[in-house]
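Student: got a predicted structure plus its sequence, pasted below:
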Amino acid sequence: MARRDTEKTIRPDGVVVNMSEISTSLSRQVQEDYLAYSMAVLVGRAIPSLTDGMKPVQRRILAAMRNLGLKPDGRYMKSARVEGEVMGKYHPHGSSYGAMVTLAAPWNNNLPLIDGHGNWGSSVDPAASSRYTECKLSPFSWDCLLDDNETWQTTANYDGTLQEPVELNVKIPTVLLNGQDGIGVGFATKIPPHNLRDICDAVVNGAPLTPSFPTQCDIVDDEGLKEYQQTGSGTIRCRAKVELGKQPRSRGKDRPTLTFTNLPPGSNPEKLGEQIKSELEKGRLDSIAEVIDESDRSGDRVTVVAKPGADVTLVQRQLYAYTDLDTKYSAKTLVIENLKPVELSPNQLIARWKTWRLDVLERKFTHERDLKETRLEVVTGLLKAIDKIDLVIKTIRAASSPKEALIELVSNRSLKFTSEQARAILEMKLRSLTNLDSEELLAECTDLEARLETLKDLIANEKTRKAYMVKEIKAIGVRYGETRRSEIINPPETLRVEKGAARPVATAKPKFLQIDTKKGIISHAKGPRGALLMEKTDKLIAILENGTLKKLPANFKGAIGAEYSTVLLAKKETDVATRKYLLVFVFGDWLKAVSIEGADLCKVTSKGKNIMPVGAKLIYFGEGTYAVPWVSSRKKKVELSPQTTKTAKPGAKGIQLAHVEEVTL
């Protein structure tokens, strides 16, 4: 719909404009505004640049650290200090500490750009607060990303008081080194990391690129990998390494073990443990007795202990099939080029980066040439001043002011200094002028002239610049390169599974849980009296004396709460869900009761929740052990009778009445 305004308005220059003559399409205006907003998000926040491989916040962090003088061989600085510098001068949108952690994390980067000191987290745990950590630039960042700052292209910062770099003059395609990911408006990128030596080889020789992940996981050579190499988009199949072993036992047979290391990106021991437990409950996994997290400072490590006599090969294939030990990395190489998002293959990206780098080198050499020419002019003037030192001194002494002396040195026919030469002579002390070493100046003059000839060739000849770039990149590969971390393997034999289908639960002896209600501890029992029968897919609903409600798996063993706490209710989820309960509690001076459905009690996780107001205390009316079938291979099926609870006197923990199994409303 078009909007037409009949009012007149006066422009700042005094011209009267009839607004009825201006027609604007609302839909077109919305489209233009939305496009402008989306491009601002893409370019200004989410998508890295093709040239220096940085998002704006990352570029601002590195530039601020360089301005603070945080050299690799210098001292560390408090991260909060750097964070404040970045936010105050360049990035007012929010905290930059999360981006700093990403640049410093060794498990997230093939070559970290920030050297972190302190607790910078792990694949599972977050980093400590910025007030507890310290940082400085890594040698690679200082040498290869932040050099030639005199020729950085800059723009005004957010309030126009300072200049900030638009791009860094990086010496290699940084965007491919550590990888990047980001989500913008209508676009997303997920660039996998690559090995530095492979990148250098691709720049110099055009070799195809294959990702290499910091976790050192294996990469399967399949069609997804080939598609990524050709188009920049594809699914890269990543696979953890496995070591087979045995767990010796003092009694019974040794149990086979599968120790998984070098996990795929995005996986961690905590997540894998939850997946394995979930698949055990679904019946897709069996023959697993225990999962142990053995991770330490050297890396993530998960050991799966199988049951004696288990088929280890089948267990291994099941784990790869149903968990993130074998997963796919969805790669998409989307970058910003000339303020527009473009999707490129790795080698296409490198080809365009090389063109940009040659232009940067031309700008760098032009800047250096200008500096060398200025210095050569000054050195030539100083040599002339040595030859005519007496006349120079006489001319300066005869002048009444520095400005007049400058004019006399330039206008004197016997001297004929340029303004730059005269200014350099006047800025020097007389003692230095009279003791100038002409031999040193002559040597410097010769070096400057030779360097200028080289610079002129580098500026004018693209072939010479290419040779310089190749030499520079080879030196970087030698100094900072390392062997590939991810090994390329042939497609392994996998377990064929139907999507969403679960295998039948293997027949196994049920679990018997013995619950110490006073201490709140669960232990495994072999059966008889007081034991609670639990199938491997069952859940246990427990309510503690302080009102904490938890849902626990059938194989849970140990303390239910963080501290020892009396258990008021412990029943299987299937029994609780179909019943109704009355929760009676004391809150202040009031005795209150709440009716609650058993299904609502079951809506809780293993972390638990508090179902009572803070400070309230449940009143316990007793809970007897109900009859459970006890299955034994040596004995016949036995019914365990409920145990009656004797009437107890009122105590500090509430009123305990005669045995009441539950209250039915």
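Tutor: Okay, I see it.

Student: which regions of the chain sit below the pLDDT cut-off?
Tutor: 1-24, 430-436, 494-510, 526-530, 562-564, 606-607, 620-665 (pLDDT under 70).

Student: spatially central residue in it, please.
Tutor: residue 102 (4.1 Å; C-alpha atoms, centre = their mean).

Student: excluding sequence neighbours, find me the nearest residue to that residue.
Tutor: Spatial nearest neighbour of residue 102, excluding adjacent residues (C-beta to C-beta, 6 or more residues apart in numbering): residue 108 at 6.1 Å. (Each C-beta comes from the backbone N, C-alpha and C, glycine too.)

Student: can you classify the residue nearest to the centre of the chain by secondary structure?
Tutor: With DSSP: H, G, I helix; E, B strand; the rest coil as the basis, residue 102 sits in helix.

Student: for the protein, which helix is longest?
Tutor: helix 346-387 (DSSP state H).

Student: can you work out which other helices and strands pack against that helix?
Tutor: Applying 3 or more C-beta pairs under 8 Å, 6 or more residues apart in numbering; DSSP states H and E, one finds that helix 346-387 contacts helix 174-177, helix 196-205, helix 223-231, helix 419-427, helix 438-460, helix 462-480.

Student: what strands line up against whichever helix or strand comes after the last one, and which way round?
Tutor: This points to helix 462-480. Downstream of helix 462-480, the next assigned helix or strand under DSSP states H and E is strand 488-489. The sheet places strand 488-489 alongside strand 218-220 (parallel), with pairing taken from DSSP bridges.

Student: and the strand it pairs with, how far from the chain's centre?
Tutor: Remark: strand 218-220 is offset 21 Å from the chain centroid, using C-alpha atoms, centre = their mean, to the nearest Å.

Student: repeat that for stretch 39-51.
Tutor: Worked out by C-alpha atoms, centre = their mean, stretch 39-51 lies 17 Å from the chain centre.

Student: what are the contacting residues of that stretch?
Tutor: Residues outside stretch 39-51 that contact it (C-beta atoms under 8 Å, 6 or more residues apart in numbering): 54-58, 93, 167, 170, 175, 180, 182-185, 187, 189, 191, 334-337, 339, 341-342, 344, 349, 352-353, 356.

Student: CA atoms only: put stretch 314-332 into CSV for me.
Tutor: Provided in CSV are the C-alpha atoms of stretch 314-332 (Å, rounded to 0.1, in the frame of the first residue of the first chain):
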residue,chain,number,x,y,z
LEU,A,314,29.2,-55.4,18.4
VAL,A,315,29.3,-53.0,21.4
GLN,A,316,31.8,-50.8,19.6
ARG,A,317,29.6,-50.7,16.5
GLN,A,318,26.5,-49.9,18.5
LEU,A,319,28.3,-47.1,20.3
TYR,A,320,29.4,-45.5,17.1
ALA,A,321,25.9,-45.9,15.6
TYR,A,322,23.8,-44.5,18.5
THR,A,323,26.1,-41.9,20.1
ASP,A,324,28.2,-38.9,19.1
LEU,A,325,31.3,-41.0,19.1
ASP,A,326,30.6,-41.0,15.3
THR,A,327,28.9,-37.8,14.2
LYS,A,328,28.7,-35.5,11.2
TYR,A,329,30.0,-31.9,11.1
SER,A,330,27.8,-29.8,8.8
ALA,A,331,30.3,-27.5,7.1
LYS,A,332,29.3,-24.3,5.2
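
Student: got the helices and strands packed on helix 346-387 as a markdown table, with distance to residue 150 and mean neighbour count columns?
Tutor: Putting the helices and strands packed on helix 346-387 into a markdown table (distance: least, C-beta to C-beta, whole Å; neighbours: other C-beta atoms under 10 Å) gives the following:
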| stretch | distance to residue 150 | mean neighbour count |
| --- | --- | --- |
| helix 174-177 | 20 | 26 |
| helix 196-205 | 24 | 20 |
| helix 223-231 | 38 | 17 |
| helix 419-427 | 19 | 17 |
| helix 438-460 | 15 | 14 |
| helix 462-480 | 17 | 15 |
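
Student: how about CSV for the ones you listed, with distance to residue 309 added?
Tutor: Output for the helices and strands packed on helix 346-387, formatted as CSV (distance: least, C-beta to C-beta, whole Å):
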stretch, distance to residue 309
helix 174-177, 48
helix 196-205, 45
helix 223-231, 37
helix 419-427, 89
helix 438-460, 72
helix 462-480, 50
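
Student: which of these sits closest to residue 534?
Tutor: Residue 534 lies closest to helix 223-231 among the helices and strands packed on helix 346-387, at 42.1 Å (C-beta to C-beta).

Student: what angle do that closest one and helix 346-387 make?
Tutor: 40 degrees (axes from the mean of the first three to the mean of the last three C-alpha atoms, to 10 degrees).

Student: what lines up beside the helix or strand just after helix 223-231 in the sheet?
Tutor: Per DSSP H and E, the first helix or strand lying C-terminal to helix 223-231 is strand 233-239. Applying DSSP bridges, strand 233-239 is found paired with strand 218-220 (antiparallel), strand 326-332 (antiparallel).
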